[in-house]
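Undergrad: With the input below, show me the fold.
(one chain, ligands or ions: 1)
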Amino acid sequence: MSVAESGLMGQQKSERSYSTGHLLVRLLGLAFRYRRACVVVTVMHGVLVLLNLATLGLTGLGIDFLQSQALHGSAPRWPAGIAPPSGWSPLQVVLALSGAVLAGALASAGVKYAAAIASAALSQRVLLQLRTDIYARLQRLSFRFYDSGQSSSIINRAAGDANNVRAFLDGVLIRMLTVVLTLVLYFVYMLQVHVGLTLACLASTPLLWVGSVLFSRAVQPAYLRASELGDAMVRTLVENLQGMQVVKAFARTAEQAVKFQAANESIRSLKFSIFQRMSTFQPLMGLLTQLNMLILIGYGGRLVIQGELSLGSGLFVFAGLLQEFAAQVAHITGIVNSVQSSLASAGRVFEVLDEPEEIRESGTPVRVRGVRDSLEFRGVSFGYVPDQPVLEDISLKLRAGECVAITGPTGSGKSTLLMLLKRFYDPTGGEILLDGRPLPDLCLADVRAAAGLVFQDSFLFSSTIAENIAFGAPEADREAVERAARSASAHEFISRLPAGYDSPVGEHGANLSGGQRQRLALARALIMQPSVLLLDDATSAVDPETELEIRQAIERVMRGRTTILVSTRFSTLCQADRVVVLQSGRITADGTPEQLLERSTWFRRLAELQSGAADPAGADTGESGAPKTLSLTELRGSVSAGSRRRAA
Ligand SMILES: Nc1ncnc2c1ncn2[C@@H]1O[C@H](COP(=O)(O)OP(=O)(O)OP(=O)(O)O)[C@@H](O)[C@H]1O
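TA: Numbers count the residues shown, from 1 in each chain. I've put the predicted structure just below:
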């Protein structure tokens with residue numbers, strides 16, 4: 001039997017499959033980390049069983065005593081020869097026995113409470129640790145992992161599956177140990193009361209085990225499927241919340257609600273079918289154990305009549321023990337159920353924990369503070385998917401302090417180039433060198449801190465503006481936050497907000513405009529004082545006025561920093577010392593903006609389109625029907641106007 005993983009990574013990456021044995025060994029390893037707490041809880045349950053036995057035995061003794069008094073029969077067999085003083089009246093003996101039973105019940109209640117608290121504390125500790133481990137692992141995993149998976153599945157693994165794995169400790173292991181301990185103690189107790197009756201009453205026990213194993217095999221695939229359906233439901237929910245605007249804009253609210261309902265319905269029907277199977281199994285097991293009662297009454301009754309078994313300490317105690325036995329056996333159904341859900345979830349949790357860390361440092365990483373000399377791509381190739389190159393043989397060297405713009409058609413690999421610099425991915429060929437040293441030889445945190453990246457669509461956290469700006473430098477004081485905001489031309493709009501820097505930023509920055517979000521993202525990058533600035537289409541989503549403001553801010557902050565600007569805006573490209581044209585993952589031209597007007601048809605076309613020479617659709621045609629084109633001299637004029645603005 002194996003738990004095959006077909007979820008998150010299984011679909012798109014290696015199909016990982018864990019055998020049940022492997023999962024059990026690892027789950028036991030987890031339990032071993034909490035062995036002290038597990039032993040304490042199990043011992044408490046053991047004490048509870050002993051207390052139950054003691055109170056049951058004392059009650060039986062009471063019945064035997066009353067029988068001897070009422071029917072003038074033989075005196076009961078006092079345990080370990082401890083009999084009440086001969087001077088005690090029957091009432092005193094009965095009161096003493098009742099007092100002892102009451103004391104046993106009180107002690108039992110106390111131990112039960114302590115065991116429940118200890119068990120809850122253990123399970124919360126394990127859950128906390130598991131979620132911490134999963135989160136720590138997720139932080140170290142490369143973007144490739146996230147590309148292949150779905151965040152909803154990860155959420156489900158950290159929330160639901162981690163909880164099911166936790167249940168292995170208190171819901172399976174401790175409960176199983178308790179059941180076994182209880183059954184053994186009862187069995188021994190019953191044997192010393194009457195061997196023949198014990199064997200007769202428990203003859204059906206092997207059937208219970210066979211039934212449990214069969215049930216366990218039948219429900220296991222259903223638990224795995226339930227987790228996957230849970231992923232799908234969370235995904236539908238998350239996507240609908242995040243894409244609420246699109247859903248409403250396209251008037252798809254009703255359809256999406258139906259989709260969500262369908263996802264929930266499949267979970268409901270699967271869970272219900274599991275529940276149905278459990279509900280069939282449980283009473284069947286109960287019925288089997290009740291058959292034991294028939295044997296007890298028939299065979300045990302005969303033994304009492306023949307005087308071979310006492311009524312209280314024998315038949316009554318036996319009946320009580322068989323009831324307890326049945327209750328413990330009923331627990332086995334729950335345990336089998338928990339084992340299967342724990343195993344299914346353990347496979348999914350271990351899959352995340354076992355995911356290899358793709359981005360690693362060398363054994364002795366070199367500390368760096370930024371670019372002192374150069375940043376170089378040397379023959380770099382890369383593809384997200386094997387055999388589908390996105391970048392091919394990229395060689396590009398930036399001197400410290402230089403500003404290089406990368407442009408090219410959409411999908412040509414511009415953003416990917418920046419991702420490689422941040423080591424979100426590693427190249428599949430060639431290498432990237434910082435001051436002559438390959439990136440993997442350098443401290444990863446230093447490499448990432450050295451380069452401030454402003455994305456095309458910047459993610460903001462739902463905290464305050466100041467906290468968002470200081471995200472990478474939480475120790476920064478308000479003055480530093482303001483300085484960064486001023487450099488990013490964000491100070492003015494922040495000051496106009498009612499709570500200024502303490503204004504809350506809605507989820508994903510929902511209460512801010514695109515331009516405001518971009519400026520906050522720029523300030524967030526600047527507060528780290530990065531020596532390299534990576535700007536990925538930072539002005540793509542804003543109006544011309546805001547674009548100008550952001551461009552001016554960028555111009556200010558670029559000074560003294562090695563900058564890579566990804567853009568398809570002619571005006572932005574003119575700000576750079578050099579422009580590199582990337583087409584289908586290859587560099588097709590490299591030079592100053594002026595040089596590129598002659599060297600690259602793509603760049604020249606871009607210049608013409610955005611200098612008002614021709615409209616993008618080619619509709620702006622002269623009478624002859626041919627698009628109007630600006631002369632090279634006119635285009636050079638636009639380029640130098642852009643460069644002059646920069647110099648100013
Ligand atoms: N995470 C990913 N997984 C698989 N393929 C990807 C991933 N990200 C990008 N790609 C693909 O890689 C190619 C280059 O993408 P990239 O985002 O680098 O292009 P770009 O030049 O920045 O495009 P744009 O100008 O539209 O932003 C595209 O074909 C894109 O579909």
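Undergrad: Would you state the helices of the stretch 101-250 of the chain in chain order?
TA: All helices of the stretch 101-250 of the chain, identified by DSSP state H, counting those that start in this stretch, fall at 143-148, 151-156, 162-167, 174-193, 195-201, 205-242, 244-249.
Undergrad: do the stretch 251-400 of the chain as well
TA: Here the stretch 251-400 of the chain has its helices, by DSSP H, counting those that start in this stretch, at 253-295, 301-305, 317-354.
Undergrad: Which among these is found nearest to the ligand?
TA: If you check each of these against the ligand by C-beta to the nearest ligand atom, helix 317-354 wins as the nearest, at 18.8 Å. To be clear about C-beta, it is placed using only N, CA and C from the backbone, and glycine gets the same treatment.
Undergrad: related to what we said a few turns ago, any chance of the helices of the stretch 101-250 of the chain in JSON lines, plus mean neighbour count, mean pLDDT and distance to the ligand?
TA: Formatted as JSON lines, those follow (neighbours: other C-beta atoms under 10 Å; pLDDT from 0 to 100; distance: least, C-beta to the nearest ligand atom, whole Å):
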{"stretch": "helix 143-148", "mean neighbour count": "16", "mean pLDDT": "75", "distance to the ligand": "4"}
{"stretch": "helix 151-156", "mean neighbour count": "20", "mean pLDDT": "78", "distance to the ligand": "13"}
{"stretch": "helix 162-167", "mean neighbour count": "23", "mean pLDDT": "89", "distance to the ligand": "27"}
{"stretch": "helix 174-193", "mean neighbour count": "17", "mean pLDDT": "87", "distance to the ligand": "44"}
{"stretch": "helix 195-201", "mean neighbour count": "17", "mean pLDDT": "89", "distance to the ligand": "65"}
{"stretch": "helix 205-242", "mean neighbour count": "17", "mean pLDDT": "80", "distance to the ligand": "17"}
{"stretch": "helix 244-249", "mean neighbour count": "12", "mean pLDDT": "78", "distance to the ligand": "19"}
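Undergrad: Run through the helices of the stretch 401-550 of the chain in chain order.
TA: Counting by DSSP H, counting those that start in this stretch, one finds helices in the stretch 401-550 of the chain at the ranges 414-421, 444-450, 465-469, 478-487, 491-496, 514-526, 544-558.
Undergrad: chain center to the second one: distance?
TA: Using C-alpha atoms, centre = their mean, to the nearest Å, we find the averaged C-alpha position of helix 444-450 to lie 25 Å away from the chain's own average C-alpha position.
Undergrad: same deal with the fifth one?
TA: Centroid separation between helix 491-496 and its chain, computed with C-alpha atoms, centre = their mean, is 37 Å.
Undergrad: May I see the buried residues of that helix?
TA: 491, 493, 494 (16 or more other C-beta atoms under 10 Å).
Undergrad: Skipping adjacent residues, who's closest to the most centrally placed residue in the chain in space?
TA: For the chain, the residue nearest the mean C-alpha position is residue 158 (3.1 Å; C-alpha atoms, centre = their mean). Closest residue to residue 158 apart from its sequence neighbours, by C-beta to C-beta, 6 or more residues apart in numbering: residue 134 at 4.9 Å.
Undergrad: Please identify the one among the buried residues of helix 491-496 that lies nearest to the ligand.
TA: Distance to the ligand, by C-beta to the nearest ligand atom, is smallest for residue 493 among the buried residues of helix 491-496, at 26.2 Å.
Undergrad: Using a markdown table, lay out the helices of the stretch 101-250 of the chain together with distance to residue 590.
TA: Formatted as a markdown table, those follow (distance: least, C-beta to C-beta, whole Å):
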| stretch | distance to residue 590 |
| --- | --- |
| helix 143-148 | 27 |
| helix 151-156 | 38 |
| helix 162-167 | 50 |
| helix 174-193 | 67 |
| helix 195-201 | 90 |
| helix 205-242 | 39 |
| helix 244-249 | 39 |
